[in-house]
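>>> Generate coordinates for the sequence data below:
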Amino acid sequence: MTTMTQSNETKHVLFEREVLTAINAGSPIIWVYLTADEATCEARLKETAAAFNYEFLHWNVNDGVSWNPRDSCKDPGQAILSIGSSDLHSDRAFVIMHDLHLLLNAQQQFSLRRVLLTECKNNTFSNADFQRPIFILADTPTPHPDIKNYCHVIDYTLPDKQEMESMVHSVLDAWAASANDTYDKNAVKPDYISTVTHGLLGLSMAQAEAAYSQAIAESGSPFELHDWTAGDGAHKKGILTHISKKRSEVIRKIEGLKFIPNEQIPDMHAFAGVDNYVSFLTKRSLCYTEIARELNVTKPRGVALFGPPGTGKTEVAKATAKYMGLDLVVFDISSMFNSHVGQSEKNMRKALATIDALHSCVLLVDEIDKSFSGALNANDSGVSSRILGLFLSWMSSRDVKSSAESRIFVVTTMNRTAGLPPELFRPGRFDRIFSTDLPHQQTREDILKIHMKKQSIDPKQYGAAIADIGKVTDKFTGGELEQLVIDSRISAFAREYAGWKNADAEDKVPAPTVESTQPTIDDYMVEAEMIIPTAVVESDAIEAMREFNAGRTTPVDSTTVLSVSKRKTSKTRRVRNVQVTNNRNSNN
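Okay, the predicted model is just below:
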C-alpha cells in the first residue's frame, strides 16, 4: 500500500489498512461495527479483497454458503465448520457472514458460540496454510463476551466529507450524461459542492445519492440551490429544500433525534435580555471562519443553560442554531432507554454516530436533568450510568482543533441541578454555563404586550394600566404570562359570545368581533388570580437553582444580578431574564 499522511488519507484507505492489519495479525474474526449501510461496507470489502487477491465469499441463513454448490450449509454452525474444510478451495478469502451477530449475541446460542470458539482456538481460519477470516457486519460494537477475545472490532462509519463530495461529482456526471449536457467541473464553484455536501452529511451513501438525484430531478437543474420562481410564476423548490426534507425524514427515524432546518428556527432577534449570551455566540461563531482555522483558533464546544422552567431556555437554545447559521438537531436522551439488554447503549451509540456524521449543527439536549439526575444511583443494572458514560466520553473526545471539519455546537438545558453527576460540568465539556431567571417588572410588561399582539389585542388601549398587570404577575414566567393573555382573551370572547347567542332576535345584537372581544384590565386581574406561578409552587427548588447559579453561572442578561439568599425563605428581589421583544416568539 502507498504510504500517506493521516491528513491526506481517505476513510476508505484507513478502513482498508485496518482490515489488512487485522488479517496479518491473524485475527480469525473481523467484527465490523456499522453505522453506515451494509451494502456500501460490503462493496468496500469486495474492492479490498480484489485489490489484494482475496476471494470474496459470503453466507446468509436463506441462501447458505457461496462456496459449496453441493451443500448450501444454511445452518450457521455447519457453515462455520465448512470454512476450514476442503469445501472451500481458496487459501485466501474474505468470508462475509450476514446477520451472524444476531445469533452469536443471543444468550441462548451457546452451542453456536462453542463451535466458533473451537474453530478459533484451532486456528482454523488463519494459519500457515491459509487466511480465511470471518467478517461479521454488525449494528453493535460489542461481540458477546464468550467470543470477544477472538474478534478484531473495526468501525465503518457514515460517509465523511471527502466521500460525499466524490458522490456529488458522480451524480453531476450522471446528470450531464442523461441530459445530454456538459459542465466543466472546474467551473463549478467550490461553495456549491461544499454546500450540497454538508447538506447530505448524516445520510448513508445510498440515501445521499438517492436524495441528491431526486432533488435534481424535482428541481429541474442541479444548480438551483434555493427556492425560485419560474417564468410562469410557479414556485419551484431548490436543491437544498429537497435535500433538507429527505435529511429530516432519515434522521427522524433514528431513535431520539429530530432534525430542524435552519430556516424553520426562531430568530435570536426575537428575544431581549440575552445580550451576554449573544455577545458570547458572536465571538464563538468567528471560530468557524477560514481565518480562524489558519490562525489555529480552537473551535467552541457548547454551553449549558440553567434556569427555572418557563424562563426561555429551550427557545433561546433553538435560536442559537439560527444565530450561528447551523441546522438544529434535538436529542432526546431519555428515549435511548430500552428494556432489552444492550439496546439502550446501542441506541445511544447510533445516535451519537449520526450526530458526528452531520459535521455541522447545533445539538440541543433539552432538560438533560431529567435524563441523568440520579444516574449513578439508578436501580437499572447500571444502564443509566453507562448511557451517561457514553455521552460524557463523546463530549470530551470531540475534536475541536482549528483543523477539525466538525462544527457541532452543543447546548444543554436544565431546570434543576439536584442529583446531577458533577462530572457533567467538568472543564472541557462546555465553554460556558449560562443561567436564566424570572422576569422583572418592565420585562413582564414587554412580554404581555407581545402576547397581546399575537392574540389580536391592541396593548395601546390599556396605556399605563399594563403596569398594574405587571405588578400582580410578580414571579410569573414567560409561559405563564402568555397563558394569562390567552385566558383573558377567551374570557372576553366567551362573555361577548354568550350575550350574542342568548339575545332575542329582535334585539339584533351583532356577532362578536375582534374589537368587541378585547379583554378588560379586570379580565387580566381575575385570570391572574387563577394562575399559581411555578415559582410559588416550587419555591424551594427555584431558590435552590438561584443559589446554585450565583457565582457559578453567567447570566444571559448583563443586567441580571444573581445573589445568594441569606435565609431559605427570602427571595432574590431584582432579577432580569430572557424575554421576547416582538410578536414572533415567546420564552415559554
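
>>> Nearest spatial neighbour of Y497, chain-adjacent residues omitted?
The spatially closest residue to Y497, leaving aside those adjacent along the chain, is P512, at 5.5 Å (CB to CB, 6 or more residues apart in numbering). C-beta here means a position set from N, CA and C on the backbone, and glycine is covered the same way.

>>> secondary structure class for that neighbour?
Taken by DSSP: H, G, I helix; E, B strand; the rest coil, the conformation at P512 corresponds to coil.

>>> Count the residues that sit near it.
Other residues within reach of P512 by the criterion other CB atoms under 10 Å amount to 18.

>>> That one and Q518: what is the separation?
Remark: distance between P512 and Q518 (CB to CB, to the nearest Å) = 11 Å.

>>> where does the stretch 101-250 of the chain dip in pLDDT?
Screening the stretch 101-250 of the chain residue by residue with the criterion pLDDT under 70, one finds the ranges 179-187, 229-231, 233.

>>> For the stretch 51-200 of the chain, which segments count as helices?
Remark: helices assigned in the stretch 51-200 of the chain by DSSP state H, counting those that start in this stretch are 76-83, 100-104, 110-121, 161-178, 190-200.

>>> Can you list the buried residues in stretch 327-334?
Neighbour counts over stretch 327-334 (16 or more other CB atoms under 10 Å) mark 327-333 as buried.

>>> What of stretch 388-404?
Of the residues in stretch 388-404, those scored as buried under the neighbour-count criterion (16+ other CB under 10 Å) are 388-392, 394-395, 398, 400.

>>> What are the contacting residues of it?
Outside stretch 388-404, the residues that touch it by CB atoms under 8 Å, 6 or more residues apart in numbering are 7, 287, 292-301, 333, 345, 348-349, 352, 372, 375-376, 406, 408, 410, 421, 423-424, 428-429.

>>> Show me just the buried residues among those residues.
Judged by 16+ other CB under 10 Å, buried ones among the contacts of stretch 388-404: 287, 299-301, 333, 345, 348-349, 352, 372, 375, 406, 408, 410, 421, 424, 429.

>>> Need the helices of the stretch 51-200 of the chain in a markdown table (columns: mean neighbour count and distance to L358).
A markdown table is the format used below for those (neighbours: other CB atoms under 10 Å; distance: least, CB to CB, whole Å):
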| stretch | mean neighbour count | distance to L358 |
| --- | --- | --- |
| helix 76-83 | 21 | 36 |
| helix 100-104 | 20 | 26 |
| helix 110-121 | 16 | 36 |
| helix 161-178 | 16 | 11 |
| helix 190-200 | 18 | 9 |
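
>>> closest one to G307 among those?
Comparing these by their distance to G307 (CB to CB), the top pick is helix 190-200, with 32.2 Å.

>>> any idea of the angle that closest one forms with helix 161-178?
In terms of direction (axes from the mean of the first three to the mean of the last three CA atoms, to 10 degrees), helix 190-200 departs from helix 161-178 by 110 degrees.

>>> and helix 190-200, what other elements does it pack with?
The elements that helix 190-200 packs onto, with contact taken as 3 or more CB pairs under 8 Å, 6 or more residues apart in numbering; DSSP states H and E, are helix 161-178, helix 205-219, helix 239-252.

>>> immediately after the shortest one, which helix or strand?
Pointing back at helix 239-252 there. The helix or strand immediately downstream of helix 239-252 is strand 257-260, counting by DSSP states H and E.

>>> quick one on the thing from earlier: switch the helices and strands packed on helix 190-200 over to CSV; also include distance to F125.
Shown next, in CSV, are those (distance: least, CB to CB, whole Å):
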stretch, distance to F125
helix 161-178, 30
helix 205-219, 29
helix 239-252, 36
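
>>> Remind me which helix or strand I466 belongs to.
Following DSSP H and E, one finds I466 within helix 466-472.

>>> Output the contacting helices and strands for that helix.
On the basis of 3+ CB pairs under 8 Å, 6+ apart, helix 466-472 makes packing contacts with helix 441-454, helix 521-530.

>>> ok, and for the longest one, which residues are buried?
If you call a residue buried by 16+ other CB under 10 Å, then helix 441-454 has these buried ones: 443-452, 454.

>>> of all those, which comes closest to A211?
Compare each of the buried residues of helix 441-454 with A211 using CB to CB and the shortest gap goes to K454, at 36.2 Å.

>>> separation between the closest one and V316?
Relative to V316, K454 is positioned 18 Å away (criterion: CB to CB).

>>> what sits up against the strand ranked longest in the chain?
Scanning the chain for the longest strand, with DSSP state E as the assignment, gives strand 407-414. The set of residues that contact strand 407-414 without belonging to it, under CB under 8 Å, 6+ apart, is 284, 288, 299-307, 313-314, 317, 320, 324, 326, 355-356, 358-369, 395, 398, 420, 430.

>>> Could you tell me which strands it is paired with, and in which direction each runs?
Applying DSSP bridges to the sheet, strand 407-414 is found paired with strand 302-306 (parallel), strand 360-365 (parallel).

>>> hang on, the earlier thing: contact partners for the residue nearest to Y497?
493, 496-497, 500.

>>> what's the longest helix in this structure?
In the chain, with assignment by DSSP state H, the single longest helix is helix 478-501.

>>> can you pull the buried residues of it?
Per 16+ other CB under 10 Å, helix 478-501 contains these buried residues: 478-485, 487-493, 495-496.
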